[in-house]
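>>> okay, sequence plus prediction incoming.
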Amino acid sequence: MWCWSVLCLSWYPGEGMTLQQIAGDDWQDFERKHVWHPYASMVSPAPMFAVQRAEGVRLFLEDGRVLIDGMSSWWCAIHGYNVPELNAAATAQMQKMSHVMFGGLTHEPAARLAARLLEIAPDCMQHVFFADSGSVSVEVAIKMALQFWQAQGCEQKSRLLTIRHGYHGDTFGAMGVCDPVSGMHHLFARMLPEHLFADAPTACTDADWDTKGGDEAQIADFRDKIETHRGELAAVILEPIVQGAGGMRFYAPEFLRRVRTLCDANDVLLILDEIATGFGRTGRMFACEFAGIEPDIMCVGKALTGGYMTMAAVLTTARVVQGVHADANGEGAVLMHGPTFMANPLACAVALASINLLLASPWQQRVAEIEAQLKRELEPCRALPGVSDVRVLGAIGVVEMCEPVDMALVQPMFVELGVWLRPFGKLIYTMPPFIVDSKELRVITNAMNEVASVLSKSP
């Protein structure tokens, strides 16, 4: 203990700093020494870029620079920033109540949001459970599946099946269904439940399904695992069509159709994680629409509130709800989850306003135009020697490098070029707000081309 204390004191910064001292220009120094950022080191922190305000698709930095945001703040700010309609919804709701607990109480914003979600979701969705974040919604979805089978007296159905390269969040249940090899959670491998992972498909479209081996090559491993382990599988969980933080991979709708068929044939529930793909990002309201299938349970988040605050929801069918409550002992089950900020009225009001704004906008046309421009302007990257692939779907543009990207080098390069992008692994990608215009998007694609070119020339 003594050695550890000495080690801590050897680098522990900022003792004695007061609130008065950080009220002015010193706040960034205090923040750098005391505030821990995601996937970042406190001992040797990477440079941070302080944002003073945000408007439209632009981030205004404290040092006077202005950046075009190509990330939609981790894919959620689909309407951009400082949106009048969302500001008005938040202001109006705050004058009534910002929060009340959802245990034993209810309120109109939750009911109206649930109704709107069920209106735009696949037809089979009939019930909504509100959660705090995308990762927590995955936890809830897994609990739903497990309790569904427990209530039927099938306690042995307690594992999940998914495909490699997936990502579903950073909480423990969600980490358990993230790729244990190529994912970011290997540090916790010994503490996570052991679920099943099938090979991910390589066919990107239905058109190349057969040319890449059809069923035999694309879904054989998945079929083998679900049929072999059907007696112990509670559910399959997948990101439909687009695998996000696990590699920004796209796969054929045909694979998802076959998965739905296999789940039905083997009495296994299907959970679709639409957290990143929902609300128009792929060009469809939900990515499962590409395959024309419906899940048993669906998670949504990120763009749900237009980036204004954290919120997610789990949608499910009447069958799942009735199954959870069909306690084998006749006691009547309840879903064992209850977040403090569940159905936060402020978040509900803003989320409803965000969905209404999306539906009232020409979002399909906007996303189609973004897709066409991304395809056209990122294609030159394909010829660069350091680039292994270029792919686009909806408002998602990806340049995959042959080697991992050095964030310490690349992040400042993008800032100097006037854009905010956050590469990871081998990927330089953009998921811009839907309101981005062609000139603003060209600034983003030009920056991606330039950085990819520089990296291709690096030794």
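Done, it's in.
>>> in terms of helices and strands, where is the residue most central in space within the chain?
In the chain, the C-alpha closest to the average C-alpha coordinate belongs to residue 276, at a distance of 3.6 Å (CA atoms, centre = their mean). According to DSSP states H and E, residue 276 maps onto no helix or strand at all.
>>> ok, and the closest non-adjacent residue to it?
residue 244 (4.1 Å; CB to CB, 6 or more residues apart in numbering). For every residue, glycine as well, the C-beta is placed using N, CA and C.
>>> what residues does the helix or strand hosting residue 371 touch?
Secondary structure from DSSP H and E places residue 371 in helix 363-378. Applying CB atoms under 8 Å, 6 or more residues apart in numbering, the set of residues contacting helix 363-378 from outside is 280-283, 390, 392-397, 399, 430, 432, 434-436, 438, 441-442, 445-446, 448-449.
>>> which of those are buried?
For these, a burial check counting by 16 or more other CB atoms under 10 Å picks out 280-283, 390, 392-397, 399, 430, 432, 434-436, 441, 445, 448-449.
>>> any idea of the mean pLDDT in stretch 81-95?
Model confidence over stretch 81-95 averages 98 on the pLDDT scale.
>>> in the sheet, who's paired with residue 61?
In this entry, residue 61 is beta-bridged to residue 51, by DSSP bridges.
>>> residue contacts, it?
Neighbouring residues of residue 61 by CB under 8 Å, 6+ apart: 49-52, 67.
>>> how close does residue 324 sit to residue 148?
Counting by CB to CB, to the nearest Å, the separation of residue 324 from residue 148 is 5 Å.
>>> cool, residue 55 as well?
With CB to CB as the criterion, residue 55 and residue 148 are 46 Å apart.
>>> ok, now residue 420?
Residue 420 is 42 Å from residue 148, where distance means CB to CB.
>>> wait, isn't residue 333 in contact with residue 321?
No. Counting by CB atoms under 8 Å, no contact exists between residue 333 and residue 321, whose distance comes to 10.5 Å.
>>> residue 197 contacts residue 176, doesn't it?
No. Under the criterion of CB under 8 Å, residue 197 makes no contact with residue 176, lying 10.6 Å away.
>>> neighbour-wise, which of those two wins?
Taking neighbours as other CB atoms under 10 Å, residue 197 and residue 176 compare with residue 176 leading, 24 against 21.
>>> just the buried ones among the contacts of helix 363-378: which are in strands?
Those of the buried ones among the contacts of helix 363-378 mapping onto strands are 390, 392-393, 396-397, 399, 430, per DSSP state E.
>>> ok, of those residues, which one's closest to residue 228?
Using CB to CB, residue 393 comes nearest to residue 228 of those, at 32.2 Å.
>>> follow-up on the earlier one: quick one: contacts for the residue nearest to the centre of the chain?
Listed by CB under 8 Å, 6+ apart, the contact set of residue 276 reads 75, 134, 239, 242, 244-245, 302.
>>> how far away is it from residue 175?
From residue 276 over to residue 175 the distance is 17 Å, taken as CB to CB.
>>> what's the answer for residue 447, then?
In this view, residue 447 and residue 175 are 33 Å apart by CB to CB.
>>> all strands in the stretch 101-250 of the chain, in order from the N-terminus.
For the stretch 101-250 of the chain, the strands defined by DSSP state E, counting those that start in this stretch occupy 127-131, 159-163, 196-198, 233-238, 242-243, 249-250.
>>> point out where the protein drops to low pLDDT.
Segments of the chain classed as low confidence (criterion: pLDDT under 70) are 1-25, 181-188, 328-332, 459.
>>> determine the longest helix present in the chain.
Looking across the chain with DSSP state H, the single longest helix is helix 438-457.
>>> contact partners for residue 428?
When contacts are counted by CB under 8 Å, 6+ apart, residue 428 is found next to 398-401, 405, 410, 421, 448, 451-452.
>>> the same query, at a cut-off of 7 Å, please.
Residue 428 makes contacts with 399, 401, 405, 421, 448, 451-452, as judged by CB atoms under 7 Å, 6 or more residues apart in numbering.
>>> need the three-state assignment for it.
Judged by DSSP: H, G, I helix; E, B strand; the rest coil, the three-state class of residue 428 is strand.
>>> touching, residue 450 and residue 416? I think so.
No. The pair formed by residue 450 and residue 416 falls short of the contact definition of CB atoms under 7 Å, at 10.0 Å.
>>> coming back round to it: which among the contacts of residue 276 count as buried?
Of the members of these, the ones counted as buried by neighbours, 16+ other CB under 10 Å, are 75, 134, 239, 242, 244-245, 302.
>>> from those, which two are the most distant?
By the measure CB to CB, 134 and 242 form the most distant pair in the buried ones among the contacts of residue 276, at 14.3 Å.
>>> so who does residue 283 touch?
Contacts for residue 283 were tallied using CB under 7 Å, 6+ apart; they are 364, 367-368, 371, 394.
>>> run the last query once more with 10 Å
Each residue near residue 283 by CB atoms under 10 Å, 6 or more residues apart in numbering is listed here: 277, 289-290, 363-364, 367-368, 370-371, 393-396.
>>> and which of these is nearest residue 343?
For the contacts of residue 283, the minimum distance to residue 343 (CB to CB) is 23.1 Å, reached by residue 277.
>>> dump the residue contacts of the nearest residue to that closest one once chain neighbours are set aside.
Of all residues not flanking residue 277 in the chain, residue 287 sits nearest, at 3.8 Å (CB to CB, 6+ apart). For residue 287, the set of contacting residues under the criterion of CB under 10 Å, 6+ apart consists of 239-242, 250, 253, 256, 272-274, 276-278, 280-281, 393-394.
>>> how deep is the nearest residue to residue 204 once chain neighbours are set aside tucked in, by neighbour count?
Nearest residue to residue 204 in three dimensions, chain neighbours excluded: residue 250, at 4.9 Å (CB to CB, 6+ apart). Residue 250 has 20 neighbours, counted by other CB under 10 Å.
>>> hey, what's residue 250 bridged with?
Assessed by DSSP bridges, residue 250 has beta-bridge partners residue 242.
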